[in-house]
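Engineer: show me the folded form of this:
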Amino acid sequence: MKVYSSIACMLLLLLAAGKVQAQKNLITNGGFEDEMYGWNDGGVKLTPWDVKTGKNSCAIIATNAANWLGIDQLVVIPKKVGKLEVSAWLKTINVVKGKDDWNGAVFSVEFLDKADKKVGEGINIVTLTGDHSWELASKEALIPAGAVRFKLLMAMGYATGTFLIDDVAVKAIMSDPVTKN
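Structural biologist: Down below sits the predicted model:
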């Protein structure tokens with residue numbers, strides 16, 4: 001009888017662990033396998049020539065530092081979520097920033113209220129310059145009170161060079177009911 005109880009406990013633990021690992025990606029088409037479906041395209045290209053996984057990655061190629069080129073996606077925040085785990089695989093080739101420190105290959109998230117007004121400060125996941133081989137950029141972002149949607153943004157912000165993006169993911173982290181309004 002003890003053996004059956006032990007086996008049942010192990011199975012429950014394995015199922016629970018599998019559920020934690022199988023969080024849904026809130027981003028539509030994060031691997032760019034369906035071209036630009038789900039993304040607001042601000043002058044970017046798809047490339048099959050340099051990918052992290054799959055058949056495509058997104059390439060933002062800027063030749064003029066006076067421009068802002070990028071993509072974004074607006075997503076409704078699920079109920080009872082207190083934080084987001086935001087990640088993407090990124091690569092840069094000869095990215096040269098403009099005049100400001102925040103210029104470069106930018107990966108950030110902003111939060112919006114019901115009227116689509118920005119709530120709180122945007123959160124910079126990473127800003128890259130120079131040459132970087134494929135690397136995972138990841139950060140947890142606390143959702144501010146009043147936010148109902150988020151905007152995920154990847155851009156060449158007043159910089160020149162090439163910014164490659166693949167396997168974009170945002171996972172919901174459930175919150176303690178006391179900490180989320």
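Engineer: all contacts plus neighbour counts: C-alpha atoms, from now on.
Structural biologist: Will do.
Engineer: so what touches the host helix or strand of residue 137?
Structural biologist: Assessed by DSSP states H and E, residue 137 sits inside strand 130-142. Outside strand 130-142, the residues that touch it by C-alpha atoms under 8 Å, 6 or more residues apart in numbering are 52, 82-96, 123, 125-126.
Engineer: make a PyMOL selection of the buried ones in those.
Structural biologist: The buried subset of those, as determined by 16 or more other C-alpha atoms under 10 Å, is captured in PyMOL by this line:
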select buried, resi 52+82+83+84+86+87+88+89+90+91+92+93+95+96+123+125+126
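Engineer: can you list which of the contacts of strand 130-142 are found in strands?
Structural biologist: Judged by DSSP state E, these include 82-96, 123, 125-126 as members of strands.
Engineer: the strands in the chain, which residues?
Structural biologist: Counting by DSSP E, the chain has strands at residues 40-42, 45-47, 57-62, 68-76, 81-97, 104-112, 118-128, 130-142, 149-157, 159-174.
Engineer: hmm, back to that, list the buried residues of the strand holding residue 137.
Structural biologist: Residues of strand 130-142 classed as buried by neighbour count (16+ other C-alpha under 10 Å): 130, 134, 138-142.
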